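Peer 1: What follows is a predicted protein model with its sequence.
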Amino acid sequence: MPDVLLVYGSTHGHTVKLAARMAQVLEDRGVAAHVHDTRTGSPPPPSGYDAVIVGASVHGGHHQAEVLHWVKRHRARLNEMPTALFSVSLTAADKAEESRRATREYIDDFLDDTGWIPRTTASFAGALQYREYDFVTRLVMRVLMRRAGHTTDVWRDHEYTDWDAVERFARDCVAMAAEG
Ligand SMILES: Cc1cc2nc3c(=O)[nH]c(=O)nc-3n(C[C@H](O)[C@H](O)[C@H](O)COP(=O)(O)O)c2cc1C
């Protein structure tokens with residue numbers, strides 16, 4: 001049974017759901033998923049695992065610093081093994097060319113900053129979790145979303161994630177881990 005380490009960062013909890021869905025797909029296919037949220041402490045080193053999946057969400061144009069630090073620290077080992085990166089953002093929900101470019105740049109910046117070369121990368125649309133935000137964040141997001149043409153209904157959360165795409169990515173990671 002291959003062992004896959006899944007390390008992720010999340011600020012308001014949506015990436016937790018993506019990581020859980022991926023772990024389920026891995027486990028259903030006989031792969032042991034070792035899931036680590038960087039908010040709970042530094043994840044273990046990648047040695048000893050057959051593959052590594054790293055995920056992070058974008059806030060103010062950047063992914064979580066703890067995830068970048070962990071990848072930088074283990075870059076040499078990560079570059080020798082099967083690895084995958086996924087990024088969660090709101091621009092990924094938008095088909096306009098400007099948003100597509102921004103979505104690509106989030107990934108490019110992550111790879112430039114860390115020097116890591118994963119075998120595969122993916123961007124997934126995240127969620128607007130108005131109910132999770134504190135007062136100021138809710139206000140700021142409402143203004144930004146109005147400008148971007150997204151919903152300003154702050155009384156509920158809004159999810160844009162394509163779960164089929166998340167499951168496809170997880171299945172690709174199963175194949176990656178099996179191939180070695
Ligand atoms: C304060 C704040 C800033 C954000 N900044 C960006 C951004 O710069 N670009 C983007 O595409 N999405 C941005 N988002 C959207 C998040 O990436 C999206 O809500 C994602 O689902 C968050 O995942 P998480 O709950 O795992 O942190 C922002 C969200 C918040 C609340």
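Peer 2: In hand now; what should we look at?
Peer 1: buried ones in the least confident helix or strand in the chain by mean pLDDT?
Peer 2: When each helix and strand of the chain is scored by mean pLDDT, DSSP states H and E, helix 135-148 comes last, with a mean of 90. For helix 135-148, a neighbour-count test (16 or more other Cβ atoms under 10 Å) marks Arg138, Met141, Arg142, Met145 as buried. Backbone N, C-alpha and C define where each C-beta goes, glycine included.
Peer 1: Within reach of the ligand, which of those residues are there?
Peer 2: Among the buried residues of helix 135-148, the residues within reach of the ligand (Cβ under 6 Å from any ligand atom) are Met141.
Peer 1: ok, which pair from the buried residues of helix 135-148 is furthest apart?
Peer 2: Maximum pairwise distance among these (Cβ to Cβ): 10.3 Å, between Arg138 and Met145.
Peer 1: Apart from its chain neighbours, what residue comes closest to Ser89?
Peer 2: Computed as Cβ to Cβ, 6 or more residues apart in numbering, the closest residue to Ser89 that is not its neighbour in sequence is Val58, at 3.9 Å.
Peer 1: now swap in Ala19 and tell me
Peer 2: Among residues not flanking Ala19 along the chain, Tyr8 sits closest, at 4.7 Å (Cβ to Cβ, 6+ apart).
Peer 1: ok, the one you found touching His14?
Peer 2: No. Between Tyr8 and His14 there is no contact under Cβ atoms under 8 Å: 10.6 Å.
Peer 1: between the two, which one's more packed in?
Peer 2: Tyr8 (25 against 22; other Cβ atoms under 10 Å).
Peer 1: Now for the more buried one: which residues touch it?
Peer 2: Taking Cβ atoms under 8 Å, 6 or more residues apart in numbering, we find Tyr8 in contact with Thr15, Val16, Leu18, Ala19, Val35, His36, Asp37, Thr38, Val54, Gly55, Ala56, Val67.
Peer 1: Pick out whichever of these sits closest to the ligand.
Peer 2: Ranked by distance to the ligand (Cβ to the nearest ligand atom), those are led by Thr15 at 3.2 Å.
Peer 1: Tell me how far that closest one lies from Thr137.
Peer 2: Look at Thr15 and Thr137: by Cβ to Cβ, to the nearest Å, they are 17 Å apart.
Peer 1: Check Thr114 too.
Peer 2: 27 Å.
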